[in-house]
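1. give me a 3D structure for the following:
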Amino acid sequence: MIRFIRAFHNGVLEKELDQIPIKMRPKDGVSSRCCIYHDRAVIKYHLMNLLGVSCNEETDEAKLLAEYYREKAERQSASQAPASSDSEGNPCQHPLSVCEAACSECPGSRVVVTGNCRGCFSRPCMYACPQKAISVVDQKSTIDEDLCIKCGKCISACPFHAIVKTTVPCEEACPTSAIHKDDQGHTTIDYSKCIACGNCLAKCPFSAIMEKSQVLDVLLALKAGEKLVAVIAPSAAAQLPGTIEQLFTAVSRLGFYDVMEVALGAEETSRHEAAEFKERMAKGEKLMTTSCCSAYVEMVRKLLPSFLPHVSSTPSPMMFTAEIARREIPDCKVVFIGPCVAKRIEAQRKGVDFVLNFEELGAMLAGQGIDVISCEPWKLTRPAIPSARNYCRSCGVTKAVLEEAGDLPEGFQLDAKFIDGIDHKTLAMLKLYEAGKLPANFLEVMSCPGGCVNGPCSLRK
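-> Numbering: from 1, shown residues only. Below is the predicted model of the structure:
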């Protein structure tokens, strides 16, 4: 990515694009996969995503990267770039795709017997199996996969730890079972279930899950002299060396017209969500959940729409900060910078112009040789309050909202709970909350364990 950005600033990106895979994997070089040609193909698809073209949008394998770049640049100069935002309810371009060239086509999840098996005389694994799927052949345990239900009882029973359960990292990481294999054994994403949490992106050891980038859109807009305002998520404080004030100065040196902290929007979210909570409880409603986590809201929208009435209608900190930016600089375009994939979907629906992740920001700084530590601190007009800056951590939203709510009506019993990380059990838990079988009247839900600081596009975890 740094090579891509550096070539753009040197004015040679179009010329060098199709040479980048060759330069990164020269003929006599070492390959990461089976051969350098396989490596080059994967690098090409990563470059396509940097150009804003996902793998599943490719219709002509012979099309050069330079052609994709020219099309993007021509649309930008003619002010015909596709709108990055969409109205509520309309379909959005999904940011994630699977690159078949990079996918290792991992074998499906199963229970296997390793070479550590000693063929125990007492046969503990065989007698532990409730399906009678295990037999001993030539002094080694053998599992009949047609009978095995992957309960794991044999794994627990084996004294030599010779039985293990293999997993497919992307499938195991997906909390909504949106990833599966098609008839040809290729990994695919079911977009009707995918909530863009980014777990698969972070967990795939082959980088086969790719994120459609808007970094070129931002670079072209900066080059054209458009007024771009960078709004930086609170989780940025832990991402790059130096202070948050030094980071703001570094970002401004990239050419941004202004830089704002999303924590200012978090203050507005706290105020509005506190007022909404008190109003809902006064009306006799039983439960309200937070709404700042885009992946959580997407999960409810797609997989549990009956739960939507319990989700706060308060806009997220990103949206409030965008409002502040446009109020202060009416003709600006807003660029959200954070660790989240799902924010790309929220941005399309709600009207934020561009989204960058921390890796893209780091590459942009490195591409221009900007050292954050050497930057002087940015002079914040008004620093956000600490509770707003703490939104990026689990329970930070709850603390900020309840502090803002102040004294609750006499006799009202607050019961605040939180879900720290969405997993396969989350939907069932939400159904129990909806039915009143799990007690709570204020519920914070964060897709990433520990909060946004551990987002899928975080540089430090």
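2. every contact and neighbour count from this point should use C-alpha atoms.
-> OK.
3. for stretch 71-84, the averaged confidence score.
-> Per-region confidence: stretch 71-84 scores 68 on mean pLDDT.
4. same thing with stretch 301-308?
-> Taken as a whole, stretch 301-308 has a mean pLDDT of 96.
5. which residues touch stretch 300-314?
-> 192-193, 195, 269, 272-273, 276-277, 287-291, 297, 427, 430-431, 434 (CA atoms under 8 Å, 6 or more residues apart in numbering).
6. now the buried members of the residues you listed.
-> Those of these that meet the buried threshold are 193, 195, 269, 272-273, 276-277, 287-291, 297, 427, 430, 434, by 16 or more other CA atoms under 10 Å.
7. ok, and for stretch 267-284, which residues are buried?
-> Result for stretch 267-284 [16+ other CA under 10 Å]: buried residues 267-278, 280-281.
8. now, the contacts of stretch 300-314 that are in strands?
-> Cross-referencing those against strands under DSSP state E gives Met288, Thr289.
9. so of the contacts of stretch 300-314, which ones are in helices?
-> Judged by DSSP state H, the contacts of stretch 300-314 include Thr269, His272, Glu273, Glu276, Phe277, Val297, Leu427, Leu430, Lys431, Glu434 as members of helices.
10. any low-confidence regions in this protein?
-> 78-92, 461 (pLDDT under 70).
11. thinking again about what came up before, what is the most widely separated pair among the buried residues of stretch 267-284?
-> Between any two of those, the greatest separation by CA to CA is 21.3 Å, found for Glu267 and Met281.
12. tell me where the stretch 351-461 of the chain has strands.
-> Per DSSP state E, counting those that start in this stretch, the stretch 351-461 of the chain carries strands over the ranges 354-357, 416-420, 442-446.
13. with distance to Glu376 added, can I get the buried residues of stretch 267-284 in JSON lines?
-> Converted to JSON lines, these look like this (distance: CA to CA, whole Å):
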{"residue": "Glu267", "distance to Glu376": "26"}
{"residue": "Glu268", "distance to Glu376": "29"}
{"residue": "Thr269", "distance to Glu376": "30"}
{"residue": "Ser270", "distance to Glu376": "31"}
{"residue": "Arg271", "distance to Glu376": "33"}
{"residue": "His272", "distance to Glu376": "35"}
{"residue": "Glu273", "distance to Glu376": "36"}
{"residue": "Ala274", "distance to Glu376": "37"}
{"residue": "Ala275", "distance to Glu376": "39"}
{"residue": "Glu276", "distance to Glu376": "40"}
{"residue": "Phe277", "distance to Glu376": "41"}
{"residue": "Lys278", "distance to Glu376": "43"}
{"residue": "Arg280", "distance to Glu376": "46"}
{"residue": "Met281", "distance to Glu376": "47"}
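14. which single one of those residues is nearest to Gln93?
-> Thr269 (26.5 Å).
15. how is the protein partitioned into domains?
-> Domain assignment for the chain, taken from automatic domain parsing, gives 1-82, 110-166, 218-454.
16. so which of those is the most packed in?
-> Among those, domain 218-454 has the highest mean neighbour count (mean count of other CA atoms under 10 Å), at a mean of 19.
17. Phe412: which of the ones in helices among the contacts of stretch 300-314 is nearest?
-> Phe277 (12.2 Å).
18. residues touching that closest one, list them.
-> Counting by CA under 8 Å, 6+ apart, Phe277 has contacts Met288, Ser312, Phe442.
19. which one of those residues sits closest to Asp353?
-> Nearest to Asp353 among the contacts of Phe277 is Ser312, at 23.6 Å by CA to CA.
20. now do the closest one against Glu273, distance only.
-> To Glu273, Ser312 is 7 Å away according to CA to CA, to the nearest Å.
21. where do the contact lists of the two overlap?
-> Common contact partners of Ser312 and Glu273 (CA under 8 Å, 6+ apart): Thr290.
22. strands of the stretch 151-300 of the chain, start to end?
-> 163-166, 179-181, 187-189, 209-211, 228-232, 258-261, 288-289.
23. select, out of the ones you listed, the one closest to Cys35.
-> Cys35 lies closest, by CA to CA, to one member of the strands of the stretch 151-300 of the chain: strand 209-211, at 20.2 Å.
24. packing partners for the closest one?
-> Other elements packing on strand 209-211 under the criterion 3 or more CA pairs under 8 Å, 6 or more residues apart in numbering; DSSP states H and E are helix 36-50, strand 96-98, helix 199-203.
25. closest to Leu228 out of those?
-> Of all the helices and strands packed on strand 209-211, helix 36-50 comes closest under CA to CA, at 19.2 Å.
26. so what touches that closest one?
-> Identification of contacts with helix 36-50 by CA under 8 Å, 6+ apart yields 1, 4, 18, 21-22, 24-27, 29-33, 54-55, 65, 68, 99, 101-102, 210-216.
27. can we see that at 7 Å?
-> 21-22, 25, 31-33, 54-55, 65, 101-102, 211-216 (CA atoms under 7 Å, 6 or more residues apart in numbering).
28. out of these, which are inside helices?
-> Going by DSSP H, the helices hold Pro21, Ile22, Leu65, Val215, Leu216 from these.
29. ok, the third one to Glu359 distance?
-> Yep, that's Leu65 we're talking about. Counting by CA to CA - Leu65 and Glu359 are separated by 22 Å.
30. kindly report the same for the first one.
-> Distance, Pro21 to Glu359, by CA to CA: 20 Å.
31. show me what contacts Val445?
-> Contact partners of Val445, counting by CA under 7 Å, 6+ apart, are Thr290, Tyr296, Phe418, Ile419, Asp420.
32. so how far is Arg301 from it?
-> Remark: distance between Val445 and Arg301 (CA to CA) = 14 Å.
33. for the strands of the stretch 151-300 of the chain, give me JSON lines that also has distance to Asp144.
-> Listed next are the strands of the stretch 151-300 of the chain as JSON lines, based on distance: least, CA to CA, whole Å:
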{"stretch": "strand 163-166", "distance to Asp144": "13"}
{"stretch": "strand 179-181", "distance to Asp144": "22"}
{"stretch": "strand 187-189", "distance to Asp144": "25"}
{"stretch": "strand 209-211", "distance to Asp144": "32"}
{"stretch": "strand 228-232", "distance to Asp144": "53"}
{"stretch": "strand 258-261", "distance to Asp144": "57"}
{"stretch": "strand 288-289", "distance to Asp144": "46"}
